[in-house]
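Engineer: would you be able to build a 3D model of this:
(chains A, B, C and D)
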Number of protein chains: 2
Amino acid sequence: MSLPHAILTALLEKPSSGLELTRRFDKSIGYFWSATHQQIYRELGKLEAEGQIRALTPEQPARGQKKSYEVLPAGRAELARWTASAQDPKPLRDTMLLRLRAAAVVGTDGIEADLRRHLDLHRRQLAEYEEIEEHDFPPDRDSPQDRLRHLVLRAGIDLETFWTQWLTHAIEEFAELP
Amino acid sequence: MSLPHAILTALLEKPSSGLELTRRFDKSIGYFWSATHQQIYRELGKLEAEGQIRALTPEQPARGQKKSYEVLPAGRAELARWTASAQDPKPLRDTMLLRLRAAAVVGTDGIEADLRRHLDLHRRQLAEYEEIEEHDFPPDRDSPQDRLRHLVLRAGIDLETFWTQWLTHAIEEFAELP
DNA sequence: AGCCTTTATGCAACTAGTTGCACAAACGCG
DNA sequence: CGCGTTTGTGCAACTAGTTGCATAAAGGCT
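Structural biologist: Model prediction:
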């Protein structure tokens, strides 16, 4: 049940319409919680029905009209409650690791190319994060907000670094294999 | 669509009943692809209907009887096909990162305790993986199978190492914050 | 024998996320 | 002006995963 809270966070950072939210989920928030526009519209509907958010431009004739939302006090309270509540980390789920395990029994044919492709993808993502870090977090800015956001970005950078290193190692391992 | 392939892999490593699979998913395979017993039973039924696996003990009177499955040639072929096929990495989804981002707007009250709890959990997981490494992968064993499985375990170890380091850093950050 | 716990299989209902498509207004352009 | 593209909202159907419960045999115990 994290999507509504992701949306509340995004709306508190800046009131937005469904499509604007969708775009922001394609960057920023989406780096650690992705969502499609359908998920977002559905959830906006629910949140509005529950009184956690409200439309800024009321009584629009439905379709094709941009509709912005802002967070109501009830929504902010719910987000604060959720943020502070204890939650267990979700166990890892990774198909590439599963495929390597499968490769150990059915053979490694074809998988090496995809390891290389993944390495490339992770390198690009890493470069993107590092660019954001350089651009948005110069050494002088360090309000509590900045520090928290930087911390989150750091996790992204370190994770991508881990994957590039591990994939590099995996490819080397394949080179000396059969 | 990875669960059927996870099951095929597990069954190729060793033919098993539903409950045995469930137990093995609680360790080993489950470290990177977890599943509940209901998911597993449902999927076993499907795989049998599709002719990818078959029950070793046929015509048992249904309930309460242990039923072991083995992989048929069609299942092995499907697993090989899937393993070699290109697949995009799934974007990250992590509630703790989302909560930190939320904390930047609604306040950090209560979240620090959960950071510490997560640190503890990840340390335990790391210790468990390291024990497995020591026990199952002594330096001399290095058949291709062993190397691939070790590679997968290494990913688990390095990931947990990353999380313990990042969480430690996050907690330090909190200490100097407000 | 009777009863309790463990082992084992499974159904049904629910929640979350994905995919494919529909539809309307606004915008750009010849 | 009319016509195609982009922007924006949304429904419906599907797939994947979770939760709660039912049921039945086997084994241990007195």
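Engineer: low-confidence regions, chain A specifically.
Structural biologist: A:57-65, A:178 (pLDDT under 70).
Engineer: residue A:104 sits in which helix or strand?
Structural biologist: Residue A:104 is part of helix A:95-106, with elements assigned from DSSP states H and E.
Engineer: give the buried residues for that helix.
Structural biologist: Under the neighbour-count criterion of 16 or more other Cβ atoms under 10 Å in any protein chain shown, helix A:95-106 has A:95, A:96, A:97, A:98, A:99, A:100, A:101, A:102, A:103, A:104, A:105, A:106 buried. For the C-beta atoms, the positions are set from N, CA and C on the backbone; glycine is no exception.
Engineer: okay, residue A:19 and DNA strand D: tell me how far apart.
Structural biologist: 3 Å (Cβ to the nearest atom of the strand, to the nearest Å).
Engineer: isn't that residue right up against residue A:38?
Structural biologist: No - counting by Cβ atoms under 8 Å, residue A:19 sits too far from residue A:38 to count as a contact (11.8 Å).
Engineer: of the two, who's got more company?
Structural biologist: residue A:19 (13 against 10; other Cβ atoms under 10 Å in any protein chain shown).
Engineer: SS state for residue A:35?
Structural biologist: Of the three states, residue A:35 takes coil under DSSP: H, G, I helix; E, B strand; the rest coil.
Engineer: excluding chain neighbours, what is closest to it?
Structural biologist: Closest residue to residue A:35 apart from its sequence neighbours, by Cβ to Cβ, 6 or more residues apart in numbering or on different chains: residue A:25 at 5.0 Å.
Engineer: which of the three states applies to the one you found?
Structural biologist: Quick answer, by three-state DSSP: residue A:25 is helix.
Engineer: domain map for chain A?
Structural biologist: Listed domain ranges for chain A are A:3-84, A:95-175 (source: automatic domain parsing).
Engineer: nearest the middle, which residue of chain A would you pick?
Structural biologist: Central residue of chain A (Cα atoms, centre = their mean): residue A:32, 2.3 Å from the mean position.
Engineer: let me have the buried residues of helix A:95-106 in JSON lines, adding distance to residue A:9 as columns.
Structural biologist: Below are the buried residues of helix A:95-106 laid out as JSON lines (distance: Cβ to Cβ, whole Å):
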{"residue": "A:95", "distance to residue A:9": "28"}
{"residue": "A:96", "distance to residue A:9": "30"}
{"residue": "A:97", "distance to residue A:9": "30"}
{"residue": "A:98", "distance to residue A:9": "31"}
{"residue": "A:99", "distance to residue A:9": "34"}
{"residue": "A:100", "distance to residue A:9": "35"}
{"residue": "A:101", "distance to residue A:9": "36"}
{"residue": "A:102", "distance to residue A:9": "38"}
{"residue": "A:103", "distance to residue A:9": "39"}
{"residue": "A:104", "distance to residue A:9": "41"}
{"residue": "A:105", "distance to residue A:9": "43"}
{"residue": "A:106", "distance to residue A:9": "43"}
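Engineer: so which of the residues you listed also contact chain B?
Structural biologist: Subset of the buried residues of helix A:95-106 in contact with chain B: A:95, A:96, A:97, A:98, A:99, A:100, A:101, A:102, A:103, A:104, A:105, A:106, counting by Cβ under 8 Å from any Cβ of the partner chain.
Engineer: doesn't residue B:1 make contact with the first one?
Structural biologist: Right, the one you point to is residue A:95. No - the pair residue A:95 and residue B:1 fails to qualify as a contact (Cβ under 8 Å) at a distance of 9.4 Å.
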